[in-house]
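Peer 1: Could you look at this predicted model? Sequence included:
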Amino acid sequence: MPAKILTMDNLDLDGKRVFLRVDINTPVHPETGELLELSRIEEAALTIRDLPNSIVVVASHQGRVGRYDYISMEKHAKALSKVLGKNVRFVQDVFGEAAQSAIDGSSPGDVIVLDNLRFTAEENVEFSPRDAEKSVLVTRLRPHLDACILDAFPTAHRSPPSIVGFAELIPTCAGRTVAKELMKLERIFGIEKGPYVTVLGGAKVTDRIEAIEALIANNRADKVLLSGLVALVFLKSKGKYRGSLQVENEQKMLVKARQLLDDHPQAFELPTDVAVRVEGSRRELDVSEVTERMAVLDVGTKTIDRYSRYIKGAGTVFMSGPPGAFEYEEFSLGTEMLLKAMADSFGTTIVSGGHLSAALHRFGVADSIDHVSTAGGALVQYLAGKRLPLMDALERAAAKWGK
Ligand code: 3PG
C-alpha cells in the first residue's frame, strides 16, 4: 500500500455519515436494460460490510449521457441489498432536499444509494480540486457528511467533484477496492517483463486510442492486437473497411488511427476476418467482404488463432474491452478464445474492465489470470504511468488528515 494515502483503518468511521464514492457502473443489456453482471456491486459490498456502524451514502455514476446504459441506480440498489442481505434505501436524487433529508433521517448501520451522479451536469465534467470544492454537489452535501471514502478505482482517471472535491474538506481515505487494487498492482509492477502485448477491443474508441498512445509512449505495448469497434476504425483509416462506424468524432478518430499506424507500423495487428450476423446466425467473412449494412459482432477464427499466438508468447499481456459482442452466444467465440489464450499464457496477465471480468467468470478462467481489475481506462492510465486524479485526492487528504 502506498505510504502516502490513508485507508479505512486510519479513520474513525463509527457513527459517522460517510460519503462512499464507488464505481458500480455496470454493463447493461442493450435491449432489456437489465444489469448484466454484479462484480463491481459485489466489490462495493466488501467496503460497506466493513462500515457496520456508519451511515453509508453510496454514490456512483452509471453509463454515459445519451447512451442506453445511462440509467438510474434503482436496480443497483436492489442488487446491493441482495448482496449485502440487508435493506438498502434508494433515493431518487443526488444532492437535493430528498438526498439531504434521507441522510439526516438515517441511523448508523443504514445504507443509502443516491441516484446516478451523471444525472447532474457537474459530474460529466473534469474539475480542478479547488473548483470541485465550490461545486453544487460538494457544497450541498458537505454539511450532511462527516467523512469520505474513495473506492472508485475504475473512475480514478476522471476528476468530477465526487472524486476530487471532498478530500480536503472532510477526512477522506481509500476504500477496500482501491486499497486492494493498489497493493496488487504494486506487486505486478515488481515482476512485469516484455514483450508487452496489449489486446484492445470494445466500443469506447476514444478511450482505446488514448490508451494506445499512452502505452506506446511509455514502452508498454510492443504489440497491440485490435478488435471490436476500435479495430474497425483502424481498418477504415487504411481504406480496408467500408462499413459505417457510428463513432463520435469519427473523422478525428480516423485521422488519429491512421497516424498511429503510420508511426508504429510494426506494433499493430488488425483483424483479417470477422463475424457478422446473417439471417440470425454467425457468419465469418474476410474484412474485405463486409458491406455497409452488416454489423460486425466478433473477430473471425483466423484472427483469433493469430492473436492467440501473440498472447501465449507475451511476457506481460494486458487486455481491455471485449473482442466481440459476447452477450450473444454466437458472437462470444473471440472473447472466449482470447481469454483462454491469456489463461494459458506463461506471461503476467492483467484483464481489465467490468465487461471482461464478467466474461472471465462466464468462461470459467478467472482464477488463471494474475490480476483481474474492475477498472478499464483508469488501469490503462495507471499502467502507462500517468498521475490519476483519485490518487492525487487521496494524497492531498493524507497530507491534511493523516497524523
Ligand atoms: C469505466 O467503466 O471505465 C468507468 O466507470 C469510467 O466510465 P467512463 O469511461 O464512462 O468515465
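Peer 2: Thanks, I have it. Numbering: from 1, shown residues only.

Peer 1: Any residues of the stretch 151-300 of the chain in contact with the ligand? List them.
Peer 2: Listed as neighbours of the ligand in the stretch 151-300 of the chain under the rule CB under 6 Å from any ligand atom: 154-155, 158. Every C-beta, even on glycine, is put in place using the N, C-alpha and C of the backbone.

Peer 1: Quick check: residue 172 touching residue 166?
Peer 2: Yes. Contact status for residue 172 versus residue 166: in contact at 5.7 Å, counting by CB atoms under 8 Å.

Peer 1: Could you name every residue contacting both of those two?
Peer 2: 148, 393 (CB atoms under 8 Å, 6 or more residues apart in numbering).

Peer 1: which helices and strands does the longest helix along the chain pack with?
Peer 2: The single longest helix within the chain, with elements called by DSSP state H, is helix 176-191. Contact here means 3 or more CB pairs under 8 Å, 6 or more residues apart in numbering; DSSP states H and E; on that basis helix 176-191 packs against helix 39-49, strand 147-151, strand 348-352, strand 371-373.

Peer 1: Apply 6 Å and report the result again.
Peer 2: Contacts defined by 3 or more CB pairs under 6 Å, 6 or more residues apart in numbering; DSSP states H and E place helix 176-191 against helix 39-49.

Peer 1: Now tell me what touches whichever helix or strand comes after the helix it packs on from outside.
Peer 2: The first helix or strand that comes after helix 39-49 along the chain, using DSSP states H and E, is strand 55-59. Identification of contacts with strand 55-59 by CB atoms under 6 Å, 6 or more residues apart in numbering yields 17-21, 48, 103, 106, 110-114, 117, 162.

Peer 1: and which of the residues you listed is nearest to residue 70?
Peer 2: Nearest to residue 70 out of these is residue 117 (CB to CB; 11.4 Å).

Peer 1: right, is stretch 369-379 up against the ligand?
Peer 2: Yes. Against the ligand, stretch 369-379 shows contacts by CB under 6 Å from any ligand atom at 376-377.

Peer 1: Give me the mean pLDDT for that stretch.
Peer 2: Averaged over stretch 369-379, pLDDT sits at 88.

Peer 1: now for that stretch, what's the gap between its first and last residues?
Peer 2: 16 Å (CA to CA, to the nearest Å).

Peer 1: and that stretch, which residues are buried?
Peer 2: Residues 369-379 are the ones in stretch 369-379 that count as buried (16 or more other CB atoms under 10 Å).

Peer 1: Could you do stretch 101-114 as well?
Peer 2: Quick answer for stretch 101-114 (16+ other CB under 10 Å): 102-103, 106, 110-114.

Peer 1: again, but for stretch 49-68
Peer 2: Within stretch 49-68, judged by 16+ other CB under 10 Å, the buried ones are 51, 54-63.

Peer 1: That stretch and the ligand, are they touching?
Peer 2: Yes. Applying CB under 6 Å from any ligand atom, one finds stretch 49-68 touching the ligand at residue 64.

Peer 1: tell me the mean pLDDT for that stretch?
Peer 2: Stretch 49-68 comes out with an average pLDDT of 96.

Peer 1: repeat for stretch 27-43
Peer 2: For stretch 27-43, mean pLDDT rounds to 90.

Peer 1: residue contacts, whichever residue of the stretch 51-200 of the chain sits closest to the ligand?
Peer 2: Of all residues in the stretch 51-200 of the chain, residue 154 sits closest to the ligand, with a separation of 4.1 Å (CB to the nearest ligand atom). Counting by CB under 6 Å, 6+ apart, residue 154 makes contact with 23, 374-375, 378.

Peer 1: Kindly present these as JSON lines, with separate columns for distance to residue 341.
Peer 2: Listed next are the contacts of residue 154 as JSON lines, based on distance: CB to CB, whole Å:
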{"residue": "23", "distance to residue 341": "28"}
{"residue": "374", "distance to residue 341": "22"}
{"residue": "375", "distance to residue 341": "22"}
{"residue": "378", "distance to residue 341": "25"}
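
Peer 1: Of these, which is the nearest to residue 77?
Peer 2: residue 23 (15.2 Å).

Peer 1: what's near enough to touch that closest one?
Peer 2: Residues in contact with residue 23 (CB under 6 Å, 6+ apart) are 60, 152, 154-155.

Peer 1: Name the nearest residue to it, sequence neighbours excluded.
Peer 2: The shortest distance from residue 23 to any non-neighbouring residue, by CB to CB, 6 or more residues apart in numbering, is to residue 152 (3.8 Å).

Peer 1: Just give me the neighbour total for residue 385.
Peer 2: Using other CB atoms under 10 Å, residue 385 has 13 neighbouring residues.

Peer 1: Pull the number of nearby residues for the nearest residue in space to residue 366 that is not next to it in sequence.
Peer 2: The shortest distance from residue 366 to any non-neighbouring residue, by CB to CB, 6+ apart, is to residue 360 (4.1 Å). By the measure other CB under 10 Å, the count of residues near residue 360 is 24.

Peer 1: for the one 5 residues further on, same thing?
Peer 2: Residue 365 has 20 neighbouring residues, counting by other CB under 10 Å.

Peer 1: So it is in contact with residue 344, correct?
Peer 2: No. Counting by CB atoms under 6 Å, residue 365 stays clear of residue 344, with 9.0 Å between them.

Peer 1: Can I get the buried residues of stretch 101-114 in CSV including secondary structure?
Peer 2: Listed next are the buried residues of stretch 101-114 as CSV, based on DSSP: H, G, I helix; E, B strand; the rest coil:
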residue, secondary structure
102, helix
103, helix
106, coil
110, coil
111, strand
112, strand
113, strand
114, coil
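
Peer 1: Determine which two of those residues are furthest apart.
Peer 2: Using CB to CB, the buried residues of stretch 101-114 span at most 13.2 Å, a distance reached by 110 and 114.

Peer 1: ok, back up a step: can you report phi and psi for the residue of the stretch 51-200 of the chain closest to the ligand?
Peer 2: phi -60, psi -20 (degrees, to the nearest 10).

Peer 1: What pLDDT does the model give it?
Peer 2: At residue 154, pLDDT is 93.
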